[in-house]
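**Q** quick one, structure for this:
(chains A and B)
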There are 2 protein chains.
Amino acid sequence: MLNKLVIIGVGLIGGSLSLDLKRARLVKQVVGVGRSTANLDRALQLQVIDIAETNAAKAVHDADLVFLAIPVGQMDGVLAHIAPALSANAIVTDGGSTKADVALLYRKHLADSLYRCQPAHPIAGSDLSGAAAARYGLYENKKVVLTPLAETAAETTAKVASLWQACGAQIVQMSPTEHDAVFAAVSHLPHVLAFTYMNTILARSDAQTCLQLAGSGFRDFTRIAGSHPEMWRDIVMANRTALLSDLAAFKQQLEQLTAQLEASNAEAILQTFLAASKVRSNWQ
Amino acid sequence: MLNKLVIIGVGLIGGSLSLDLKRARLVKQVVGVGRSTANLDRALQLQVIDIAETNAAKAVHDADLVFLAIPVGQMDGVLAHIAPALSANAIVTDGGSTKADVALLYRKHLADSLYRCQPAHPIAGSDLSGAAAARYGLYENKKVVLTPLAETAAETTAKVASLWQACGAQIVQMSPTEHDAVFAAVSHLPHVLAFTYMNTILARSDAQTCLQLAGSGFRDFTRIAGSHPEMWRDIVMANRTALLSDLAAFKQQLEQLTAQLEASNAEAILQTFLAASKVRSNWQ
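**A** Numbering: from 1, shown residues only, chains lettered A, B, ... in the order given. The predicted structure follows:
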């Protein structure tokens, strides 16, 4: 049971965690922190949080647990701001999309308190954002990746894991580097490909006709191209090395397919499509 | 009002057209043709068709209109088979995903009857197939592209257009070449990229971990990678030239983004993502 949970960034991720923990009676009071008072008012009105605060340092006073549910690019500034104000026993965790860079930020700002820092990544993002997007049960059967630092205390990891499990999530534990390699492949690369594909369409002289005639395959394939540009700039910059390696691997596969098509090698193309279609059809 | 409509290929596309035309009382009798008696039995049971027939040549006897709702790769054989059996006034149309190659097939098999041939492409495909996938209202507010031959009579085009419009579809008319260029860009390229992306994941040593941790962005981005491999082999082979040109354009955009990432040019990356995200968010 937490006496005081501080959620910095009251959107889909932070707001949904708050709702589930409140419903499970695992927290007495949730303080939501944000820069937009309109979003905080909405969060209060929807009972996503109990108290709203625009000053993060003031909010974290006496907190048992602080959850940074903000884009990775904002964490440096926020950690610098709250570090001196944290109480001695406060656990600090986050929901950032990259983990090696976030580990460095914990080291930079909380060097003496790493035993109570638990970097995390709940796999439940979407193109929705803001407090109004928060909902009960978002984490039911979703994965939450925990990437403990060498210094993170076992009790810290256990405490953070138990909160996510109370929301129905499954815990996966790995190193920050392993996390960043996997998410470069399954999330960052697809986003980059979707953005790039949309720009390829945009550059055509018949772009308007294309957009008018595009159907449901296009809709699903490009959904993530509508994602938040600043947030994704931060993510690809933070995970640059892994992403560049995955881009190279993708280009190699694309060259192979192009060569098969140039050679009108229908059988090779069929085998390429079969392999992909089989994995995708068997997935989940 | 049609006395006898013959649907060759009773799946999502052909079956849904039949359902809507029957409900609108625009057809007296629908004969469904297929190779699988199990699928035809299902179509009869669901009242998608009135009569089932496995012999296409026998089925088209006395038909007012024949709709080829089969993969493009099967059209050569089917047109060869039915051409001698068509009645003198039968309109022939199709739902093929490529149009320049289908135009050549009409010329090959119905050279003397091109005035009653109307190549078409309803934009309502999905990863579902079979008679059980047919449903009322599939074409409501969907586009149907008509690509008349130079020889196609105006009345033929008007007749086919009016049937689709009765199902709630919007008619778009263009040349086969223009059609194939647009659909290489908005449909064939995304399918090829999705297949290629899935194979890139498959080739990783941590492929299983990747598939276990992949979230909703991955799910939507790769949905079309589960599409029918043989059908898509036929489509990319039929539209090879346009697709190769689009692949080149995509690769150029991807090189640009890779160079921005290699140079850690965060501002250029942001502009790239902003342009894509803006178009996608404003789409529809």
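
**Q** how does chain A divide into domains?
**A** Structural domains assigned to chain A are A:2-173, A:178-282, following automatic domain parsing.

**Q** excluding residues flanking it in the chain, which one is nearest the residue positioned nearest the centre of chain A?
**A** Averaging the C-alpha coordinates of chain A gives a centre point, and the residue nearest to it by C-alpha atoms, centre = their mean is A:Ser97 (3.7 Å). Excluding its sequence neighbours, the residue lying closest to A:Ser97 (C-beta to C-beta, 6 or more residues apart in numbering or on different chains) is A:Ile235, at 5.0 Å. The way it works is simple: take the backbone N, C-alpha and C, and place the C-beta from them, glycine included.

**Q** what are the contacting residues of the helix or strand hosting that neighbour?
**A** Element membership for A:Ile235, per DSSP states H and E: helix A:229-238. By C-beta atoms under 8 Å, 6 or more residues apart in numbering or on different chains, the residues outside helix A:229-238 that reach it are A:71-73, A:97-98, A:100-101, A:188, A:191-192, A:195, A:243, B:261, B:264, B:266, B:269-270, B:273-274, B:277.

**Q** sort out which residues of the helix ranked longest in chain A are buried, please.
**A** The longest helix of chain A (DSSP state H) is helix A:240-262. In terms of neighbour count (16 or more other C-beta atoms under 10 Å in any protein chain shown), helix A:240-262 has its buried residues at A:240, A:242-243, A:246-247, A:249-251, A:253-254, A:257-258, A:260-261.

**Q** and those residues as CSV, adding distance to B:Ala169 and pLDDT?
**A** Formatted as CSV, the buried residues of helix A:240-262 follow (distance: C-beta to C-beta, whole Å; pLDDT from 0 to 100):
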residue, distance to B:Ala169, pLDDT
A:Arg240, 46, 96
A:Ala242, 45, 97
A:Leu243, 42, 98
A:Asp246, 41, 98
A:Leu247, 40, 98
A:Ala249, 41, 98
A:Phe250, 37, 98
A:Lys251, 39, 98
A:Gln253, 37, 98
A:Leu254, 35, 98
A:Leu257, 33, 98
A:Thr258, 35, 98
A:Gln260, 35, 98
A:Leu261, 32, 98
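
**Q** now the terminal residues of stretch A:17-30, how far apart.
**A** End-to-end distance for stretch A:17-30, by C-alpha to C-alpha, to the nearest Å: 10 Å.

**Q** and of the buried residues of helix A:240-262, the nearest to A:Ile123?
**A** Out of the buried residues of helix A:240-262, the one with the shortest distance to A:Ile123 is A:Ala242. That distance is 16.9 Å, counting by C-beta to C-beta.

**Q** ok, A:Asp94 touching A:Phe67?
**A** Yes: counting by C-beta atoms under 8 Å, A:Asp94 does reach A:Phe67; the two are 6.9 Å apart.

**Q** is the longest helix of chain A anywhere near chain B?
**A** Yes: residues of helix A:240-262 contacting chain B under C-beta under 8 Å from any C-beta of the partner chain: A:240, A:243-244, A:246-247, A:249-251, A:253-254, A:257-258, A:261-262.

**Q** what residues does the helix or strand that that helix is followed by touch?
**A** Tracing the chain C-terminally past helix A:240-262 and defining elements by DSSP H and E, one meets helix A:266-282 next. With contact meaning C-beta under 8 Å, 6+ apart, helix A:266-282 is reached by A:256-257, A:260-261, B:194-196, B:198-199, B:201-202, B:211, B:222-223, B:225-230, B:232-233, B:236-237.

**Q** which of those residues are buried?
**A** Applying 16+ other C-beta under 10 Å to those, the neighbour count classes A:257, A:260-261, B:194-196, B:198-199, B:201-202, B:211, B:222-223, B:225-227, B:229, B:232-233, B:236-237 as buried.

**Q** show me what the nearest residue to A:Pro122 once chain neighbours are set aside is bridged to.
**A** By the measure of C-beta to C-beta, 6+ apart, the closest residue to A:Pro122 outside its immediate chain neighbours is A:Val144, 4.6 Å from it. The bridge-partner assignment for A:Val144, based on DSSP bridges, gives A:Pro122, A:Ile171.

**Q** what about A:Gln47, how many residues nearby?
**A** Counted with other C-beta atoms under 10 Å in any protein chain shown, the burial measure for A:Gln47 works out to 11 neighbours.

**Q** revised request: answer the last question for A:Ser264.
**A** Here the number of neighbours of A:Ser264 (other C-beta under 10 Å) works out to 10.

**Q** that one contacts B:Arg240, doesn't it?
**A** Yes: A:Ser264 lies in contact with B:Arg240 (C-beta under 8 Å); the separation is 6.8 Å.

**Q** next up, phi/psi of A:Lys28, please.
**A** Taking degrees, to the nearest 10, you get phi -80, psi -40 for the backbone angles of A:Lys28.

**Q** can you tell me the SS state at the nearest residue to it once chain neighbours are set aside?
**A** The shortest distance from A:Lys28 to any residue that is not its chain neighbour, by C-beta to C-beta, 6+ apart, is 5.1 Å, and that residue is A:Asn3. Under the three-state scheme (DSSP: H, G, I helix; E, B strand; the rest coil), A:Asn3 adopts strand.

**Q** any idea how far A:Asn3 lies from A:Gly34?
**A** 21 Å (C-beta to C-beta, to the nearest Å).

**Q** neighbour count: these two, which is higher?
**A** Legend: neighbour count by other C-beta under 10 Å for A:Asn3 and A:Gly34, higher for A:Gly34 (25 against 11).

**Q** and the strands in the stretch 1-150 of chain A?
**A** Chain-ordered strands for the stretch 1-150 of chain A, with DSSP state E, counting those that start in this stretch as the definition, fall at A:2-8, A:27-33, A:51-53, A:65-68, A:91-94, A:117-118, A:120-122, A:143-146.

**Q** return the distance of the third one from the chain's centre.
**A** Spelled out, it's strand A:51-53. For strand A:51-53, the separation from the chain centroid amounts to 23 Å (computed by C-alpha atoms, centre = their mean, to the nearest Å).

**Q** same question, the first one
**A** Averaging C-alpha coordinates over strand A:2-8 and over its chain gives two centres that are 20 Å apart (C-alpha atoms, centre = their mean).

**Q** can you check the second one too?
**A** Its chain's average C-alpha position is 21 Å from that of strand A:27-33, according to C-alpha atoms, centre = their mean.
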